[in-house]
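Engineer: Attaching a predicted model along with its sequence, questions to come.
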Amino acid sequence: MRLEFKNIEEIKEFIKGNKIFVFSCDECGFKKVEEKNKKILDHIKDYELIGIYTLYKEECNVGNFVKILKNLEEVNKAETILTFTCGGLPQIIPNYIKKFVIPATNTLKIEAGRELGSFARLCSACGECWIHYTGNLCMEKLCPKKMRNGPCGGSEKGMCEVYKRLCPWVILFRNKRISEEEFLKIVPPKDFSKILLQE
Ligand code: SF4
Ligand code: SF4
């Protein structure tokens, strides 16, 4: 797995308040966590760190994660949760805790054929994580056209015109996952060189 930290300026407008809880991980066994976590602390030094939890590959599934959350009382004191993981975890957390969850990393690569944590399946390593614009739903994964700024307009009664399932943009609005104001934020164009030019 290959991740890069986002420039904090890029996500600043999405971070609510000053109290931050961090989820880090061992990048499915690819990373030395002590070194990574030191870099994280430096990266967010302008914020008040409420706590940090490092998720290891073996714990990376819903059953374990729910147990972990039950014992992490300090998460409740945070105003925003930042994830330094692949894009899977920030999609999962809002199902269990009502906090702003922002991906602080871009997932550049997830190696095929290796044993991975189960949340990695939710992320297709698009190179620039943008789920904080879409209520933590990953349109790269859920929308066959990977629409960035609203639905394509082809859905019928809420069903996607490509696959026989609900359009994720409809889910976004039905479940009120973002406000109108948040929806109107323009998702910037993607820098494809990050994934196309890597070794
Ligand atoms: S937008 Fe989706 S595919 Fe891209 S890094 Fe985030 S979770 Fe992964
Ligand atoms: S109907 Fe929705 S999910 Fe299907 S391609 Fe259009 S925007 Fe994407």
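Structural biologist: That came through, no problem. Residues are numbered from 1 along each chain as shown. Ligands and ions are numbered 1, 2, ... in the order given.

Engineer: Could I get the full set of strands for this protein?
Structural biologist: Taking DSSP state E, the strands of the chain run over residues 2-5, 19-25, 48-55, 80-84, 100-103, 105-109.

Engineer: wait, which of those is closest to ligand 1?
Structural biologist: strand 105-109 (4.0 Å; CB to the nearest ligand atom). Where you see a C-beta, it was placed from the backbone N, CA and C, and this is true even at glycine.

Engineer: ok, the residue of the chain found nearest ligand 1 - contacts?
Structural biologist: The chain approaches ligand 1 most closely through Gly87 (2.1 Å), counting by CB to the nearest ligand atom. Residues touching Gly87, when contacts are defined by CB atoms under 8 Å, 6 or more residues apart in numbering, comprise 103, 107, 122-123, 125-126, 129, 131, 138.

Engineer: now, which of those residues lie close to ligand 2?
Structural biologist: Counting by CB under 6 Å from any ligand atom, the subset of these that neighbours ligand 2 is empty.

Engineer: Go through those residues and single out the one with the most neighbours.
Structural biologist: By neighbour count, taken as other CB atoms under 10 Å, the most surrounded of the contacts of Gly87 turns out to be Pro103 (28 neighbours).

Engineer: OK, contacts around it?
Structural biologist: 6, 11, 82-83, 85, 87, 90, 129, 131-132.

Engineer: Please name the residues that touch Lys36.
Structural biologist: Lys36 sits in contact with 24, 27, 84, where contact means CB under 8 Å, 6+ apart.

Engineer: Can you list the neighbours in contact with the least confident helix or strand in the chain by mean pLDDT?
Structural biologist: Lowest mean confidence among the helices and strands of the chain (mean pLDDT, DSSP states H and E): helix 193-196, at a mean of 84. Counting by CB under 8 Å, 6+ apart, the neighbours of helix 193-196 from elsewhere in the structure are 4, 106, 108-109, 125-128.

Engineer: Closest to Gly17 out of the residues you listed?
Structural biologist: Asn106 (23.5 Å; CB to CB).

Engineer: Next, format the contacts of Pro103 as a markdown table and append pLDDT.
Structural biologist: As requested, these are arranged in a markdown table below (pLDDT from 0 to 100):
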| residue | pLDDT |
| --- | --- |
| Lys6 | 97 |
| Ile11 | 96 |
| Leu82 | 98 |
| Thr83 | 98 |
| Thr85 | 98 |
| Gly87 | 98 |
| Pro90 | 98 |
| Cys129 | 97 |
| Ile131 | 98 |
| His132 | 97 |
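
Engineer: tell me the domain ranges of this protein?
Structural biologist: Taking automatic domain parsing as the domain assignment, the record places the domains of the chain at 2-132, 143-189.

Engineer: anything in the least confident helix or strand of the chain near ligand 1?
Structural biologist: No - using CB under 6 Å from any ligand atom, no contact is recorded between helix 193-196 and ligand 1, whose separation bottoms out at 9.5 Å.

Engineer: And that helix, what's buried?
Structural biologist: Along helix 193-196, these residues count as buried under the neighbour rule (16 or more other CB atoms under 10 Å): 194-195.

Engineer: most packed of the domains of the chain?
Structural biologist: Highest mean neighbour count among the domains of the chain (mean count of other CB atoms under 10 Å): domain 2-132, with a mean of 17.
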